[in-house]
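**Student:** coordinates only, sequence not included:
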C-alpha cells in the first residue's frame, strides 16, 4: 500500500501533469501552470502567477502578457515565453551560460558578447497584423504586413524601393534581418534585397548598405557592401535568391569599419568588410528591387563608444 501511494504521489507531481502548478509554483516550458495561473518566464526562477492580474498596468492580463512586469508583451517571436518587448534576444532562447559582458543583449542578438553597453534599439517581428507607424514606405502599396511578416512586392519597380524607420543614433550599430525571397520578378534585369543605415543629419555622410544583388545580364549573384567610402562585393558561395531558403543579413558598424554577412539556411553566402566615415547613425531602411520578399523580423542593436563595465 505504501508503495502504491508513493507511485501515485510521483505521478501527480510529474512535469507536464494535466493539473499543472499552482500560484507561486516553479514552471518552465515543459512544466506548465494549471488553471487560473500562467508561467512568468521573465524572472530568474520562473513561477506561476495569477492569469487575470495585470501587475504592470499595461491593460494586458497575464494570460496574454509575455512581459507581465513591464509594459507590452503581446508578441513572442521566438516562442521562448518571453515577450519581444522585454526579451534580451527576441530571436533566440536565453543562453545556457550568461554572457561575460553582462549588458542588456544576449547572443545571437549581441554583436560583441565581450564588450558591455549594447541595447536593443528596435525589434519588429511584424506580429500585429498592420505596419507599425514607426515605418514609412516610399511606395506604401508595395509594403504590407501579412501573416506575421513584412511583405514587399515590387513587380514592375525599376529602381530600389525603401521602408524607413528611426532609432537613437549610435556610433556602434548592428542591423539584422531575416527574410525569404518568394519571386524574382522579370520587370528588371537587376534584383536587390538589402538593409541600410544612414546618418541623415544635415552634415552627415556616413552610410552603409548590406545585402544581395542579382544581375540577369551576367547571371551573377553577389553579396554587396556599399558605404560612403566605396563598394565591395563577393560572389555568393550559394544561391542568394532561392525561394526555398531562409536568409539572414547582418551588418555591424564599429568605429570606421563595417562587416556585412549574409547567410542562407545557416550557410554563409559571403562575409565582407569596408571602411566608413565614423559617426553616429540613426536611420534604418529596408530596401528591395524587382522581387517579392517576406521579412520575418528586423533587429537593431546599438552601443556608445564609452561603455565601461566588465570585459
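**Tutor:** Looks like it came in fine. It should be emphasised that the depicted structure is a prediction, and the values quoted were computed from it without experimental measurement.

**Student:** kindly state the domain boundaries assigned to this structure.
**Tutor:** The chain breaks down by automatic domain parsing into domains covering 1-87, 119-303.

**Student:** how about residue 296: what's its closest non-neighbour residue?
**Tutor:** residue 178 (4.2 Å; C-beta to C-beta, 6 or more residues apart in numbering). Where C-beta positions appear, they are placed from N, C-alpha and C, glycine not excepted.

**Student:** tell me the secondary structure at that neighbour.
**Tutor:** On the three-state scheme (DSSP: H, G, I helix; E, B strand; the rest coil), residue 178 is labelled strand.

**Student:** and for residue 61?
**Tutor:** Going by three-state DSSP: residue 61 is coil.

**Student:** what's the pLDDT at it?
**Tutor:** Per-residue confidence (pLDDT) for residue 61: 97.

**Student:** wait, it touches residue 55, no?
**Tutor:** No. Using C-beta atoms under 8 Å, residue 61 is not in contact with residue 55; the gap is 10.1 Å.

**Student:** just the helices in the stretch 51-200 of the chain please.
**Tutor:** Along the stretch 51-200 of the chain, no stretch is classed among the helices by DSSP state H, counting those that start in this stretch.

**Student:** how about the contacts made by residue 153?
**Tutor:** Shown in contact with residue 153 (C-beta atoms under 8 Å, 6 or more residues apart in numbering): 142, 292.

**Student:** mind redoing it with 10 Å?
**Tutor:** By C-beta atoms under 10 Å, 6 or more residues apart in numbering, residue 153 lies in contact with 139, 141-144, 161, 182-183, 185, 288, 291-294.

**Student:** same deal with residue 105?
**Tutor:** 87-89, 99, 111-113, 116-120, 174, 299, 301-303.

**Student:** after the lowest-mean-pLDDT helix or strand in the chain, which helix or strand is next?
**Tutor:** When each helix and strand of the chain is scored by mean pLDDT, DSSP states H and E, helix 2-12 comes last, with a mean of 36. Per DSSP states H and E, helix 2-12 leads on to strand 37-40 as the next helix or strand towards the C-terminus.

**Student:** strand partners of that following strand, parallel vs antiparallel please.
**Tutor:** Each strand that pairs with strand 37-40, with its direction, by DSSP bridges: strand 47-50 (antiparallel).

**Student:** residues in contact with the strand it pairs with?
**Tutor:** 20-27, 31-34, 36-41, 43, 55, 61-63, 65, 68-69.

**Student:** isn't residue 265 right up against residue 240?
**Tutor:** No. With contact defined as C-beta atoms under 10 Å, residue 265 does not reach residue 240; the gap is 12.0 Å.

**Student:** the more surrounded of those two?
**Tutor:** Under the neighbour definition other C-beta atoms under 10 Å, residue 265 and residue 240 were set side by side, and residue 240 has more, 25 against 11.

**Student:** what about that one, distance to residue 19?
**Tutor:** 51 Å (C-beta to C-beta, to the nearest Å).

**Student:** and residue 246, by the same measure?
**Tutor:** Look at residue 246 and residue 19: by C-beta to C-beta, they are 39 Å apart.

**Student:** and residue 300, by the same measure?
**Tutor:** Residue 300 sits 43 Å away from residue 19, taking C-beta to C-beta as the criterion.

**Student:** report the contact partners of residue 137.
**Tutor:** 131, 143, 144, 150, 152, 161, 162, 163, 164, 286.

**Student:** without its sequence neighbours, what residue ends up closest to the third one?
**Tutor:** Once its chain neighbours are removed from consideration, residue 144 has its nearest residue in residue 151; the separation is 5.7 Å (C-beta to C-beta, 6+ apart).

**Student:** what is the neighbour count of the one you found?
**Tutor:** Neighbours of residue 151 (other C-beta under 10 Å): 18.

**Student:** so who does it touch?
**Tutor:** 126, 142, 143, 144, 145, 179, 180, 182, 292, 293, 294, 295.

**Student:** which one (most neighbours) among these?
**Tutor:** residue 179 (26 neighbours).

**Student:** that residue and residue 290, how far apart?
**Tutor:** Distance from residue 179 to residue 290, by C-beta to C-beta: 15 Å.

**Student:** circling back: lowest pLDDT pick from the contacts of residue 153?
**Tutor:** Out of those, that is residue 185, at 89.
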